[in-house]
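Asker: Predicted coordinates and the sequence they were generated for:
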Amino acid sequence: QRLAGRHPRAMAVLRRRLDPSHGGGLLATGIVLLLVYLVGVFVDGALDLALVPDTAALDARVSNLAHAYWTPLGLQIAGWVTQAGHVPVATLVAIGGVLGFGLFGHRAAAIGLAVAVLGNAATVTLLKLAFGRARPEISYFLESSNSFPSGHAAISVALYGSIALLLWRERLIGPTLAIWAGMGSAVTLGLSRVYLVEHFLSDVLNGWVIGAIWMVIGLAAAEATRRRPGLPRAPHPALAGTALSACLLGALWIAVHHLPIPVERTGIGPVVIADVQAEVAGGQLPLDVVTLSGEALPAVSVVSTGGAAGTIAARL
């Protein structure tokens, strides 16, 4: 009360910024602050990639770890999951979402989704050209575009996250389902890219941030449209259902019949060291051990040659 008495104008502005009764109040303030934060997070991640060598080293270690856990079943599941971010599939899902929202009478949600998807696509394309980062050499599928940021990770938030958010905003689903659906699609699609080593970890993290930025911008566009005066358009549920079903079926058909082809690589046999003692004495055998974050651990102090696991355990 004392501050309000001393600074009436400043307190009046603050009161308007935190007023939840109109779109330019609390909601607009939250959107602006969230956008500033997300842009700052992305700038920090991009600077880490450009200026901190440990970032690339961590990316390489995570990629090697993911590669070590490849299994036929795991690769098959991840290959199916990653198809949700395939550009033709995501395009049809986006078109179906925009048409579905618009024809069902939710014009604001349709505009918000269109803004989020189109802005995200343009931003990811420009950033890939600007950074020009090469893909990991041990990727499972052969892809020609640059690696930073991950387009699949950005799509998982800008498209699928926006759909979940706008469905909740239109009161078509509850908040719990929206959170689980939005976060679940982002996490599974992004981690599938890391597991397949199609992207480095930093590519996926920054892709999530780019997608989140455009999801928030899409929400802002939807709220601005919602509060714009105008005659509500009559819904066309039959036409909306037909358009949505056609787009989703088309996306499913592409996802099933246009699976990417794995990279053909010649098999690499086990490394055979003829004289272990000579390798250790000559410094040729690497003995340093580091964690995924680059912290040094005690070096290898025991080397056992020959024998099965039981024999080695008995020796120890």
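Answerer: Received it, and whenever you're ready, just let me know what you need.

Asker: isn't residue 103 right up against residue 245?
Answerer: No. Using CB atoms under 8 Å, residue 103 makes no contact with residue 245, being 11.9 Å away. Every residue, glycine included, has its C-beta placed from N, CA and C.

Asker: Between the two, which is the more surrounded one?
Answerer: Taking other CB atoms under 10 Å, residue 103 and residue 245 do not tie; residue 103 has more neighbours (22 against 12).

Asker: Next, the contact list for that one, please.
Answerer: Residue 103 makes contacts with 235-237, 239-240, 243, as judged by CB atoms under 8 Å, 6 or more residues apart in numbering.

Asker: right, and out of those residues, which lies closest to residue 152?
Answerer: Using CB to CB, residue 243 comes nearest to residue 152 of these, at 25.0 Å.

Asker: That closest one contacts residue 96, doesn't it?
Answerer: Yes. Using CB under 8 Å as the test, residue 243 is close enough to residue 96 to be in contact (6.7 Å).

Asker: out of these two, which sits in the more crowded spot?
Answerer: Just comparing residue 243 and residue 96: by other CB under 10 Å the higher neighbour count belongs to residue 96, 21 against 18.

Asker: Could you look up the SS state of the more buried one?
Answerer: Assigned by DSSP: H, G, I helix; E, B strand; the rest coil, the conformation of residue 96 is helix.

Asker: Could you check how far it is from residue 259?
Answerer: The gap separating residue 96 from residue 259 is 21 Å, by CB to CB, to the nearest Å.

Asker: residue contacts, the residue lying closest to residue 114 once chain neighbours are set aside?
Answerer: Of all residues not flanking residue 114 in the chain, residue 98 sits nearest, at 5.1 Å (CB to CB, 6 or more residues apart in numbering). Residue 98 makes contacts with 110, 113-114, 117, as judged by CB under 8 Å, 6+ apart.

Asker: got it, and residue 186?
Answerer: Here residue 186 is in contact with 153, 156-157, 160-161, 208, 211 (criterion: CB under 8 Å, 6+ apart).

Asker: just curious, which of those is nearest to residue 168?
Answerer: residue 161 (10.9 Å).

Asker: so where does the nearest residue to that closest one once chain neighbours are set aside fall, helix or strand?
Answerer: Closest residue to residue 161 apart from its sequence neighbours, by CB to CB, 6+ apart: residue 182 at 4.2 Å. Using DSSP states H and E, residue 182 maps to helix 175-195.

Asker: The helix or strand just after that helix to helix 175-195, inter-axis angle?
Answerer: Remark: after helix 175-195, the chain's next helix or strand is helix 201-226, criterion DSSP H and E. Put simply, helix 201-226 runs at 150 degrees to helix 175-195, going by axes from the mean of the first three to the mean of the last three CA atoms, to 10 degrees.

Asker: buried stuff in helix 201-226?
Answerer: For helix 201-226, the neighbour count (16 or more other CB atoms under 10 Å) marks 201-226 as buried.

Asker: Number of residues surrounding residue 185?
Answerer: 21.

Asker: Could you do the one 3 residues further on as well?
Answerer: Residues within reach of residue 188, counting by other CB under 10 Å, total 16.

Asker: repeat for residue 175
Answerer: 10.

Asker: What are the boundaries of the strands in this structure?
Answerer: With DSSP state E, the ranges of strands along the chain come out as 289-290, 296-297.

Asker: can you put the ones you listed in TSV and add mean pLDDT and mean neighbour count?
Answerer: Shown next, in TSV, are those (pLDDT from 0 to 100; neighbours: other CB atoms under 10 Å):
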stretch	mean pLDDT	mean neighbour count
strand 289-290	82	11
strand 296-297	86	9
